[in-house]
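> Predicted model follows, preceded by the sequence.
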Amino acid sequence: MSGIQESAEIASSAIIGFGSRVWHFSYLGENCKVGANVSIGRNVFVGEGVLIGDNCKIQNSALLYTPALLEAGVFIGPGAILTNDEYPRAVNPNGSQKTPSDWSPVGVTIREGASIGAGSICVAPVEIGSWALVAAGSVVTANVPSFALVAGVPAKRINWVSKAGFPLKFVGNGNYICVKTGLRYFEHDSDTLKEILE
């Protein structure tokens, strides 16, 4: 069973999974797919054909433009924006107004478990790696590695984070530990961190 507020506008071709909720004044476009147990907050825009995996949480006033892809367990903070136009213009060089046939949208891809902080902007085409964390107010213009904590304008990696979202503690020889869970990670190079599986 899904919980959809009466004020939400849902396209007839949109698919909403079991247990998902859509709050007041949100819009879900044609052919978008929302997985199971997803929470879509108030005044959220989900563009045509956007794909949202299971157990995602999308907070108030987020804008997810076509053709964004969110894997399972993704968090989108309030007011975050996923763009879709590399070279934005309202008009063509001859002054005529652009139509959908005058450009090809490109999407933002967010991998499993990643989090996009409040007010952040992800400028397509970028990929946010699994379990990465984009700090609030950041502008992401380049791909983000898995487990990376990025911040700033433009966003840069400032640390690594665990699956629990906590900054990792360096314990030597490329090894890191999550102080919350005790899980261990290994830095293979400056852009690659892997969980150490027991």
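Right, received. Where do you want to start?
> going forward, measure contacts and count neighbours with C-alpha atoms only.
OK.
> okay, which residue is most central for this structure?
Ile110 (4.6 Å; Cα atoms, centre = their mean).
> quick one: that residue and Val126, what's the gap?
According to Cα to Cα, to the nearest Å, Ile110 and Val126 sit 9 Å apart.
> and if you look at Gly17?
Going from Gly17 to Val126 by Cα to Cα gives 26 Å.
> With neighbour numbers in mind, choose between these two.
Between Gly17 and Val126, counted using other Cα atoms under 10 Å, Val126 has the larger neighbour count: 20 against 17.
> Tell me, how many residues neighbour the nearest residue to Leu183 once chain neighbours are set aside?
Distances taken as Cα to Cα, 6 or more residues apart in numbering place Ile177 nearest to Leu183, at 5.8 Å, with adjacent residues excluded. For Ile177, the count of nearby residues is 21 (other Cα under 10 Å).
> And Ile177, how close does it get to Glu6?
For Ile177, the distance to Glu6 - Cα to Cα - is 46 Å.
> Am I right that Gly73 falls within a strand?
No: read with DSSP: H, G, I helix; E, B strand; the rest coil, Gly73 is coil and lies in no strand.
> how far away is it from Ser115?
Between Gly73 and Ser115 the distance is 9 Å, computed by Cα to Cα.
> more neighbours, these two?
Neighbours per residue (other Cα under 10 Å) separate Gly73 from Ser115, with Ser115 holding more: 26 against 22.
> could you list every residue that touches that one?
The contact partners of Ser115, taken as Cα atoms under 8 Å, 6 or more residues apart in numbering, are Val74, Phe75, Ile76, Gly77, Trp131, Ala132, Leu133, Val134.
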